[in-house]
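Visitor: would you be able to build a 3D model of this:
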Amino acid sequence: MEYNLSPVLLAGLAGLFTWGMTAAGASMVFFFKEINKKVLNMMLGFAAGVMVASSFWSLLAPSIEISEGLSVPNWFPALTGFLLGGLALHLLDKFLPHIHPETGHQEGVKSTWQRSLLLVLAITIHNIPEGFAVGVAFGGLASGNGVFSLTAAISLALGIGIQNFPEGAAVSIPLRREAMSRTKAFNYGQLSGLVEPIAAIIGAAAVMYINPILPYALAFAAGAMLYVVADELIPESQIGHDVEIEFSTLGFMGGFAIMMLMDVALG
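Guide: Numbering: from 1, shown residues only. Next comes the predicted model:
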């Protein structure tokens, strides 16, 4: 697919799309005050499936492939970046105060910040690596390496945008339950996705202007995303009775299958 725009601009536009999908999910607060637990578990499982699939096909596999011929073993950038990505999210999780919407459990350093802000920060932590991953995928286009294609980058942005929909709802609707107005709950929900276009632009610019970090950046994004999946999305989707938990598994399988199809067929 031909393109004439700067990869950084394309990354910014893709980030705006993923932010828009978060806002679309947050708008569900205008129609619902509660989310059925089966539906919520399925949405969380779906988001986890999309992130796991995209972490491998869109990020780790290209990282290993473009590391061929470097002065280090081809596994080294993928392994190093992956672990650093997980460590970065662990540190954010450990020190940035936030509350998980499903459990109500507060993590990070103790804070007197409003509960609504802490809920938004929990989802914002998810969105940082997602935006960065989109940016790195578009920034890789400037390398001229055949591993990267505009179609593959768009499919990654589309997949992340799709799974942002339930994340937006997972912020705004719990805020509505706490007697916040629908408009204010929506604003907080969409605000959680605002970091994505910013992170996308940073990711694209970083790999364009410091090209040697590209394989490390790809794996970094994958490690950060999988940390979020293992630490938050899967555990939160497994809360409830047996039937409700079954829906999270079905959602995970569906999300993984759709993202795998998009990566393989469109990439």
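
Visitor: tell me who's in contact with the residue nearest to the spatial centre of the chain.
Guide: The centre of the chain sits closest to residue 130, judged by Cα atoms, centre = their mean, with a distance of 3.2 Å. Listed by Cβ atoms under 8 Å, 6 or more residues apart in numbering, the contact partners of residue 130 are 18, 51, 160, 164, 196, 199, 225. All C-beta atoms are positioned from the backbone trio N, CA, C, and that covers glycine.

Visitor: how close does residue 217 get to residue 32?
Guide: In this view, residue 217 and residue 32 are 38 Å apart by Cβ to Cβ, to the nearest Å.

Visitor: of the two, who's got more company?
Guide: Legend: neighbour count by other Cβ atoms under 10 Å for residue 217 and residue 32, higher for residue 217 (28 against 13).

Visitor: re the thing from before, my read is the residue nearest to the centre of the chain is in a helix, agree?
Guide: Yes. Counting by DSSP: H, G, I helix; E, B strand; the rest coil, residue 130 is found in a helix.

Visitor: look at residue 232 and report its pLDDT.
Guide: With respect to pLDDT, residue 232 has a value of 81.

Visitor: can you report how many residues lie near it?
Guide: 23.

Visitor: and the helices in the stretch 51-200 of the chain?
Guide: Under the criterion DSSP state H, counting those that start in this stretch, the stretch 51-200 of the chain contains helices at 61-66, 75-95, 115-139, 150-177, 182-191, 195-209.

Visitor: looking at those helices, which is nearest to residue 237?
Guide: helix 150-177 (10.1 Å; Cβ to Cβ).

Visitor: mind listing what's buried in that closest one?
Guide: Neighbour-count burial for helix 150-177 flags 150, 152-176 (criterion: 16 or more other Cβ atoms under 10 Å).

Visitor: where does the prediction get shaky in the stretch 101-250 of the chain?
Guide: 101-119 (pLDDT under 70).

Visitor: secondary structure class for the nearest residue to residue 79 once chain neighbours are set aside?
Guide: Leaving aside its sequence neighbours, residue 79 sits nearest to residue 219 (Cβ to Cβ, 6 or more residues apart in numbering; 7.3 Å). Following three-state DSSP, the label given to residue 219 is helix.
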